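# Any chance you could fold what I've pasted below:
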Amino acid sequence: MTSNLTTVVLIGGGRMGKLIANTLEDDGNFLILGTYDIDNIDELDEAALEADLAIDFSNVAALPHVAAYVTRTGAALVSGTTGYSESQMVKLRALGMLAPVIWSGNYSLGVAALRHATKLVADALQDWDVEIVETHHNQKADAPSGTAEMLRACIDPTGEVPVAYGRQGMVGARPQREIGMHALRGGTVAGLHEVHFFGVDEELCLTHRATSRQIFVNGAVAAAKRLLGCKRGFYTFDQLMFE
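Next up, the predicted model:
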């Protein structure tokens with residue numbers, strides 16, 4: 001710690017990164033030692049800075065550099081980068097053997113509640129058709145969103161149900177055991193997620209609408225404060241905030 005402040009390296013200089021930096025500064029309990037993005041991520045490998053905390057809201061390409069930094073310094077890691085492959089997630093989880101680590105595709109408390117509601121409804125309506133629709137701004141790089149994938153996992157934790165990522169052509173009748181995933185992109189939408197359950201003559205739709213990215217930032221900073229008091233391990237957002 002420096003002057004009783006939590007020292008931070010921030011990976012990600014985009015809109016989320018800038019909001020996080022502003023929120024950390026306004027909080028008054030953090031000191032940002034450096035900010036890194038894809039154009040200067042190599043500098044993180046050589047940085048002599050040993051921060052208490054690394055916050056990563058960047059790109060999947062930065063993972064080797066982030067992992068090397070946590071391995072070298074033992075810094076706690078808050079990761080909100082989405083689009084990781086399963087092998088990359090294995091690497092991220094393994095960092096929990098060296099430091100406290102949390103990853104979430106969405107740090108909104110409202111989305112956490114949506115996940116719980118989705119699981120509850122999916123368990124109750126197991127023979128209904130399910131479609132997930134997510135909408136984001138036109139600059140979002142990955143699709144479907146990390147949040148949409150988390151919602152899919154609430155419906156099918158084992159990953160055994162086939163997923164239709166959009167449909168085109170003569171696809172035939174919809175199979176009963178299938179989850180539809182649809183990604184819409186446009187404008188400046190911060191985030192909209194809908195889980196549709198279709199039965200006979202009725203439909204149930206669970207919706208979460210984000211009107212600002214600040215909700216994700218606030219959740220990430222709150223998670224960071226709790227993570228700093230944790231022992232080594234890989235944590236989910238729910239574990240850290242609700243257990």
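
# Quickly find the element holding L120.
helix 109-124 (DSSP states H and E).

# Check what contacts that helix and list those residues.
The contact list for helix 109-124 (C-beta atoms under 8 Å, 6 or more residues apart in numbering) reads 106, 130, 147, 150-151, 154-155, 193, 195, 197, 204, 206, 208, 210, 215, 219, 237-238, 241-242. In this view, the C-beta of every residue, glycine as well, is placed from N, C-alpha and C.

# Domains in the chain, by residue range?
6-103+214-242, 109-210 (automatic domain parsing).

# Buried deepest among the ones you listed, which one?
Greatest average neighbour count among those goes to domain 6-103+214-242 (a mean of 18), per mean count of other C-beta atoms under 10 Å.

# State the mean pLDDT of it.
Domain 6-103+214-242 carries an average pLDDT of 94.

# Please report the separation between the first and final residues of it.
From its first residue to its last, domain 6-103+214-242 covers 23 Å (C-alpha to C-alpha, to the nearest Å).

# now do stretch 5-17
One end of stretch 5-17 sits 19 Å from the other (C-alpha to C-alpha).

# Run through who's touching that stretch.
Residues outside stretch 5-17 that contact it (C-beta under 8 Å, 6+ apart): 1, 20-21, 24, 29-37, 41, 44, 47, 49-59, 62, 65-66, 69, 75, 80-81, 213, 216-217, 228.

# what's the residue nearest in space to the middle of the chain in contact with, if anything?
Closest residue to the average C-alpha location of the chain: G105 at 1.3 Å, with C-alpha atoms, centre = their mean. G105 makes contact with G80, T82, S145, G146, T147, E149, M150, according to C-beta under 8 Å, 6+ apart.

# now the helices for the chain?
All helices of the chain, identified by DSSP state H, fall at 15-27, 42-46, 63-73, 86-94, 109-124, 146-155, 214-227, 237-242.

# Please convert those helices to CSV, extending it with distance to V9.
Listed next are the helices of the chain as CSV, based on distance: least, C-beta to C-beta, whole Å:
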stretch, distance to V9
helix 15-27, 11
helix 42-46, 7
helix 63-73, 7
helix 86-94, 17
helix 109-124, 26
helix 146-155, 22
helix 214-227, 12
helix 237-242, 20
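
# Quick one: closest of those helices to H137.
For the helices of the chain, the distance to H137 is smallest for helix 15-27, at 8.9 Å, taking C-beta to C-beta.

# Taking helix 214-227 as reference, get the angle to that closest one.
Angle of helix 15-27 versus helix 214-227, following axes from the mean of the first three to the mean of the last three C-alpha atoms, to 10 degrees, is 60 degrees.

# Please give the centre-to-centre distance between helix 15-27 and its chain.
Here helix 15-27 is found 17 Å from its chain centre; the criterion is C-alpha atoms, centre = their mean, to the nearest Å.

# Then stretch 217-234?
With C-alpha atoms, centre = their mean as the basis, stretch 217-234 stands 14 Å off its chain's centre.
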